[in-house]
Each structure stands twice: as structure tokens, then as C-alpha cells.
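K.L.:
Structure of the sequence below:
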Amino acid sequence: MKKKLDFKPHQKVLLPNGKTIRISFINHPGAVIVAPLLNQKTIVMIRQFRPALGRYIYELPAGTIDVPEQPLTCAKRELLEETGFCARRFQKLGEIYPVPGYSTEVIHIFKAEGLTHKDATPEEYEVIENMHISKARVRNYFRHGKIMDGKTICALAHIGWL
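P.N.:
So this is what the prediction gives:
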């Protein structure tokens, strides 16, 4: 299995109004994000170094779907890789288009409950710290601009934490 991102430069597209334009976009296999709840008041988040930003940011575990992997399989894999947790129950909450202006990416949002801990196995390029954060602290971090990752904000809104 592998991730398949495909840059499509200068494609002709016929618009509904009859006009033809040229656009460039990324054909993306999709991704997942997981909201892993330890209990009703505590969630597992990660503090991850993002090289493109040159800093750490607060996020929920997430990752790109490996072709031909299914979203739920990817959610289980990413949760284990990034946090060391497995879940007895996963619930799909929805989907988002994070950057529809230049990408076909769809992010599938899952909630995970009934967590048991094993060993995390992050990818070699992932620098991650696990954090168990209360609902009140998540809201405080968001209000003070400490949670800025769009997919994380959407997932937290889906579980009613923002």
C-alpha cells in the first residue's frame, strides 16, 4: 500500500456556466482524523512538529489513506501509530473538504472510544508528544489560539467540544 498524491498542473475544466478555465490541483487519496476519548471529559491529543510551519502544533491523530485502504482501517492504523492506543469502538461522524480550491482531499472524521494502550509507532518523520487533555483545557487552548489545525477544529466541533 502507498499514499498516492498526484499534482495535476494546468488542467482544462468546463464550468457549469459554460466557461472553460485552466486550474492546477492535487488529486488526493483522502485522509482521516480521529477524536480518541479516554472518557467523557478527557481526549488524547498530540503535539506534533510540523516542518512546513517550523513549530509544534496541537492536533488530533490523523493521516493519509494508503491506496487501497479503507478510511476505518486507516483511522485504526493512525490512532495506534501516533498515540499507541487501540479502540473498541469507532464511529464515523462526517467528512470535510479541507482545501477544495486546489485539492480533491476528503477527510473522514471518526470518534474512538474504549481505548486500550499499546506502544506508539510513529513514522520516522513524525515528532509527536501525546497529551491527555480535559474538555475545559481544549476549549481554553482553542480560545487562546493554541489549536489552529483546521481538521482538528472540525473534529472537536463534531464531538461537541468546541
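K.L.:
can you give me the helices for the protein?
P.N.:
Taking DSSP state H as the test, the helices found in the chain are 71-83, 135-143, 150-158.
K.L.:
ok, and for the longest one, which residues are buried?
P.N.:
Just to be clear, that refers to helix 71-83. Neighbour counts over helix 71-83 (16 or more other Cβ atoms under 10 Å) mark 71, 74-83 as buried. Every C-beta, even on glycine, is put in place using the N, C-alpha and C of the backbone.
K.L.:
could I get the residues you listed as a markdown table with distance to Phe7 and pLDDT?
P.N.:
As requested, the buried residues of helix 71-83 are exported to a markdown table (distance: Cβ to Cβ, whole Å; pLDDT from 0 to 100):
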| residue | distance to Phe7 | pLDDT |
| --- | --- | --- |
| Pro71 | 23 | 98 |
| Cys74 | 22 | 98 |
| Ala75 | 26 | 98 |
| Lys76 | 29 | 98 |
| Arg77 | 25 | 97 |
| Glu78 | 24 | 97 |
| Leu79 | 29 | 97 |
| Leu80 | 30 | 97 |
| Glu81 | 26 | 95 |
| Glu82 | 26 | 96 |
| Thr83 | 31 | 96 |
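K.L.:
ok, of the residues you listed, which one's closest to Gln48?
P.N.:
Taking Cβ to Cβ as the measure, Gln48 sits nearest to Glu82 out of the buried residues of helix 71-83, at 8.0 Å.
K.L.:
Could you pull up the contacting residues of the closest one?
P.N.:
46, 61-63, 120, 122, 126, 128 (Cβ atoms under 8 Å, 6 or more residues apart in numbering).
K.L.:
from those residues, which is closest to Glu113?
P.N.:
Set against Glu113, the nearest of the contacts of Glu82 by Cβ to Cβ is Pro61 (14.1 Å).
K.L.:
if I read this right, that closest one contacts Ala31, doesn't it?
P.N.:
No - the pair formed by Pro61 and Ala31 falls short of the contact definition of Cβ atoms under 8 Å, at 11.2 Å.
K.L.:
Neighbour count for those two, which is higher?
P.N.:
Neighbours per residue, other Cβ atoms under 10 Å: of Pro61 and Ala31, the larger number sits with Pro61, 30 against 21.
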